[in-house]
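Chemist: Quick check, what structure comes out for this input:
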Amino acid sequence: NQQQQHVQAYSCTLDECFQLYTKEEQLAPDDAWKCPHCKQLQQGVVKMSLWTLPDILILHLKRFRQVGERRNKLTTFVHFPLAGLDMTPHMVSRGHSRRPDPAPPDFLYDLYAVCNHHGGMHGGHYTAFCRNSVDAQWYSYDDSSAEPVPEAEVCTRGAYILFYQRRNTIPLWSASSSLTGWSFF
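Modeler: Okay, the predicted model is just below:
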């Protein structure tokens, strides 16, 4: 059906997802709040803001939508960067009038794994793409099989959960930590 093909063809970027997640929304009139100064009911605005970020950033893409009694799977192609995810534009400004250029390392992230969902609402299958920290090669994991996968095939319509690591931060549990001289003591 033509409408389903249009939905299947729709795509966006991870940056656009963050812009939608953090945009201001006007509250409904029945969610009005009483101003402590003028004592009048005011229609408010709510906005999600990011103040701090973890070393490991796990992003769960919304792949299911409730429509009345039915739940549908969303297959929007979300384009996400494998390296250099810049979170600077989505952070609360801390007294800076403009975004620093280039982005500080604290706000740059590199992808190291993707969980994929294949199938629909009543059945499906999970696979993963993971970047090996020793050889820097991407691998595809599907049940008991593991095989190299070209970097260009990591970003797919089935991406469900994205795992990013803050650039220049190597966790002690990483295989690459021993290669760079890190110690557990």
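Chemist: From here on, just use CA atoms for contacts and neighbour counts.
Modeler: OK.
Chemist: Tell me, please, where in the chain the pLDDT is lower than the cut-off.
Modeler: 1-9, 94-105, 170-185 (pLDDT under 70).
Chemist: tell me the centre residue of it?
Modeler: Closest to where the C-alpha atoms of the chain average out (CA atoms, centre = their mean) is residue 59, at 3.4 Å.
Chemist: Give me the nearest residue to it, chain neighbours excluded.
Modeler: Nearest in space to residue 59, with sequence neighbours left out and distances taken as CA to CA, 6 or more residues apart in numbering, is residue 162 at 5.0 Å.
Chemist: Count the neighbours of residue 160 for me.
Modeler: If you count neighbours by other CA atoms under 10 Å, residue 160 ends up with 21.
Chemist: now it, what's its secondary structure?
Modeler: Following DSSP: H, G, I helix; E, B strand; the rest coil, the label given to residue 160 is strand.
Chemist: Residue 119 is in contact with that one, correct?
Modeler: No. Look at residue 160 against residue 119 with CA atoms under 8 Å: they stay out of range, at 11.9 Å.
Chemist: Residue 43 versus the closest residue to residue 108 other than its chain neighbours, what's the distance?
Modeler: Spatially, and ignoring its direct neighbours in sequence, residue 108 is nearest to residue 86 (4.8 Å; CA to CA, 6+ apart). Distance of residue 86 to residue 43, computed by CA to CA, to the nearest Å: 34 Å.
Chemist: hmm, back to that, assumed the residue nearest to the centre of the chain was part of a helix.
Modeler: No. Applying three-state DSSP, one finds residue 59 to be strand, outside a helix.
Chemist: which residues touch it?
Modeler: Neighbour list for residue 59: 161, 162, 163 [criterion: CA atoms under 8 Å, 6 or more residues apart in numbering].
Chemist: Do I have it right that the second one meets residue 117?
Modeler: Put plainly, it is residue 162. No. At 11.8 Å, residue 162 and residue 117 do not qualify as touching, with contact defined as CA under 8 Å.
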